[in-house]
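[1] Just need the structure, nothing else, for what follows:
(2 chains)
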Amino acid sequence: MPDLKPFLVLGFALGGVFAMSGVGLVVLYRATGVLNLAYGAIGATGALITWSLLDAGWVPDWVAYLACIVFGGAATLLYGVLFGPPFSARDPLVKATATLGLLLILLGAMQWVWGRDPHGITLPTSRWNYDLFDARVSGTQVIGVVFAIVVTTGTAVFLRVTKVGTAMRALADDREITATLGVPVRRVEAAAWLGSGLVCGGAGLLLSNLVGLDIVGLTFLVIPALAAALIGRLHSLWVTLAAGFLIGIVQSSLTAFSEVAEYRTLTPFVLAILALLWFATRRRQTPAGSSR
Amino acid sequence: MSEPDVQASDEERAPLAATPASTLPRGEAVPPETIRGLRPRRDPVRVLVGAAALAFVTFGLPGMIDRFWLQIVTSVVIYSIVTLGLGLLIGRAGMVSLCQFLLLAIGAWVALRLDFATSLPFPLLVLSAGVVTGLIGALIGLPALRLSGLYLALITLMAAGAITVVLRIAQFPNGGGGFFGNSAAGGASSRLPRPAIATGDTAYFRYCIAVAVLMFLLALWHVRGKPGRAWAALRQSQATAIAAGVNVTLYRLWAFALASFMAGVAGALLAAASGGVNINQFPVQNSILLLAVVLMGGVYSLGGAVVAALLLRLLPALLDDWGVSTELLTILFGVGILQVLLTAPGGLVDQVPKDLANLGRGLRRLVGPRRAGDEAPPP
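    Below is the predicted model of the structure:
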């Protein structure tokens, strides 16, 4: 049995970011019915902007880091304001497909501006190292875990307690009735887009640190987050959080077993398929659209 | 095949399983010419023009272009089989698959592996690559078929990621041992030997056209027959389809397997094309580019598949030739997805003739005000 501790630590950190991204996806999906497949691309673009700002050295470092989060929020909000309303009455599948358009636009722009060479960001927190159970833990990894739990708890409390959160839950049930009740539907949706986008920017910044700033790689890191969201049935924040951690830990631990180490990035797919099979045995013939 | 059924299914088409009203820009009634334009075209003139164009491309074109462009055009033909399958899946069955591009790779892999393991003739290799890929595609779709279309799309996106990972490890067979049949000594690219009747580039181009025509006929047969009607019913309302006795799971699975079969067939053809195949040809983002071009080409007519393949293979080569960055094309395709979903559900095949007609009308009005006056109703 190989020593799993270092991989567990890294897995927790990765899982935290997957979980956080998954929660961002689920919140937006619940409020607007849009599953944002461009989530990874937005985070990656934000991280590249941060890299450029750091590289140019025009602004203090913390402004550059903030820029990634702000870009995530701004880009997501802009898409939501422009394309949310025209697609609002459409099938969730169409809404998700439309975000693939955003993904391609951002991917093309990134490859055009930043080329195909890898870049790198090192957050100052990555230099803070601790020893935990014989494993090195960096500050960024701790932030990844803590942030995921804070974001999930914060979102759950927000949805339960605040007026906007209540409106979002109402929107998730029925947009038309919510509008009839006098809820400013578009403003509430905009809030969901912004919140989800800010989390996305944060996740992009952390992931660019934890797994490297690779354009295509980061863009398709939406896949493990999607798997986590899918296991949470695109509804439950807590199951998504747990699934994100599970995916991160399993994927990272597999690194220790040389026979399967190469295949470890299949983890999200395999776990999501298993979850779907389990759903399928518990539920017969779901009418289209009722899975929201 | 009964006539009214086909027409009903064609008039009430809706992309991606949306309700018919929502496929149009908001606040617009269905313009009559849309419905007329979307009816199955049985016009003998059109059929003749199509046949003449096909004959020209098959026999005239290879003599007019050099070897490089012949390779590009061959790949356009091969890719039109993939876009045909995906177009059927989206436009007819109302499902979205994001792993078609990787299924193409699987088709190529299976054909190569079978070629190294057996001595099957080329047409059988192509057929078995199609069947195996169809089965794999059906297996991928199976867990999500009972859930909504969104789940299926997500599973296929994850499958695309997963296949990419496995492909990077396994590589294409190049004569090595073991199940994967790859050895480092064999080189990065693998190429399937061509059939004896089509060893040259021009002959192989014609061979691909023949296979593509067969696939288009297969698609036409499905669309006009019982599966087409079942898919049309499913797309309108699953509950109604069940009430009408349509086996929902079977027909969805069939659509998925058919699209995968076509991807597999195309994969086998691709493996024998010039240069063969290597894993760098199959990056995961191409699955999304494929979806974009299929939507842009038009998912409601079989001609859209050809336009999609031209967008995917010919346009990048042309841009490269003119020194324009191909990354811009990715951006354009992204805009294309949004544009098609928002305002032009029929894609380019449907939109361009309409826009040209509008432009022509506008120009006539601009140039000849007197003629515009002629159209005014008599007092």
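
[2] any idea how far the residue nearest to B:His222 when sequence neighbours are not counted is from B:Phe261?
    Closest residue to B:His222 apart from its sequence neighbours, by C-beta to C-beta, 6 or more residues apart in numbering or on different chains: B:Gly228 at 5.8 Å. For glycine as for every other residue, the C-beta is placed from the backbone atoms N, C-alpha and C. Distance of B:Gly228 to B:Phe261, computed by C-beta to C-beta, to the nearest Å: 16 Å.

[3] Between these two, which is the more surrounded one?
    Using other C-beta atoms under 10 Å in any protein chain shown as the criterion, B:Gly228 and B:Phe261 rank with B:Phe261 on top: 26 against 23.

[4] Could you say which helix or strand holds residue 249?
    Unless you meant another one, I'm taking chain A. If you go by DSSP states H and E, A:Ile249 is part of helix A:237-253.

[5] Chain B, not that one
    helix B:248-272.

[6] Please state the offset of that helix from the chain centre?
    In terms of C-alpha atoms, centre = their mean, to the nearest Å, the centre of helix B:248-272 is found 11 Å from the chain centre.

[7] so what does that helix touch, helix or strand wise?
    helix B:67-87, helix B:100-117, helix B:122-141, helix B:201-224, helix B:226-236, helix B:238-243 (3 or more C-beta pairs under 8 Å, 6 or more residues apart in numbering or on different chains; DSSP states H and E).

[8] at 10 Å what do you get?
    Applying 3 or more C-beta pairs under 10 Å, 6 or more residues apart in numbering or on different chains; DSSP states H and E, one finds that helix B:248-272 makes contact with helix B:67-87, helix B:100-117, helix B:122-141, helix B:149-170, helix B:201-224, helix B:226-236, helix B:238-243.

[9] how big is the angle separating that helix from helix B:100-117?
    Interaxial angle, helix B:248-272 versus helix B:100-117 (axes from the mean of the first three to the mean of the last three C-alpha atoms, to 10 degrees): 60 degrees.

[10] per-residue confidence averaged over helix B:248-272?
    On average, the pLDDT along helix B:248-272 is 90.

[11] Quick check: what element follows the helix or strand where B:Gln339 lies along the chain?
    Assigning secondary structure by DSSP H and E places B:Gln339 in helix B:327-342. The first helix or strand that comes after helix B:327-342 along the chain, using DSSP H and E, is helix B:347-367.

[12] Any idea how far that next one is from the middle of the chain?
    The answer for helix B:347-367 is 26 Å, by C-alpha atoms, centre = their mean.

[13] dump the residue contacts of the residue nearest the centre of chain B.
    Central residue of chain B (C-alpha atoms, centre = their mean): B:Thr83, 1.2 Å from the mean position. Counting by C-beta atoms under 10 Å, 6 or more residues apart in numbering or on different chains, B:Thr83 touches B:76, B:100, B:262-263, B:266, B:290-291, B:293-294, B:297, B:299, B:304-313.

[14] re the thing from before, now whatever helix or strand comes next after the helix holding B:Thr249: mean pLDDT?
    Note on helix B:248-272: by DSSP H and E, the next helix or strand toward the C-terminus is helix B:285-297. Across helix B:285-297, the average pLDDT comes to 88.

[15] for chain B, what are the nearby residues on the stretch 101-250 of chain A?
    Taking C-beta under 10 Å from any C-beta of the partner chain as the criterion, the stretch 101-250 of chain A approaches chain B at residues A:101-113, A:115-116, A:215-217, A:219-224, A:226-227, A:229-230, A:233-234.

[16] Please indicate which of those residues are buried?
    A:101-111, A:215-217, A:219-224, A:226-227, A:229-230, A:233-234 (16 or more other C-beta atoms under 10 Å in any protein chain shown).

[17] Can you tell me which of the residues you listed end up in strands?
    Per DSSP state E, strands hold no members of these.

[18] Narrow those to those in helices?
    Counting by DSSP state H, the part of those found in helices is A:101-111, A:215-217, A:219, A:222-224, A:226-227, A:229-230.

[19] B:Leu102 versus the nearest residue to B:Arg146 once chain neighbours are set aside, what's the distance?
    Among residues not flanking B:Arg146 along the chain, A:Ala280 sits closest, at 5.2 Å (C-beta to C-beta, 6+ apart). A:Ala280 is 23 Å from B:Leu102, where distance means C-beta to C-beta.

[20] Counting by contacts, list what the one helix or strand A:Ala172 maps to packs against.
    For A:Ala172, the element it lies in under DSSP H and E is helix A:163-173. Under the contact definition 3+ C-beta pairs under 10 Å, 6+ apart, helix A:163-173 sits against helix A:5-32, helix A:139-161, helix A:175-180, helix A:185-210.

[21] quick one on the thing from earlier: roughly how far apart are the residue nearest to the centre of chain B and B:Pro227?
    For B:Thr83 relative to B:Pro227 (C-beta to C-beta), the value is 19 Å.
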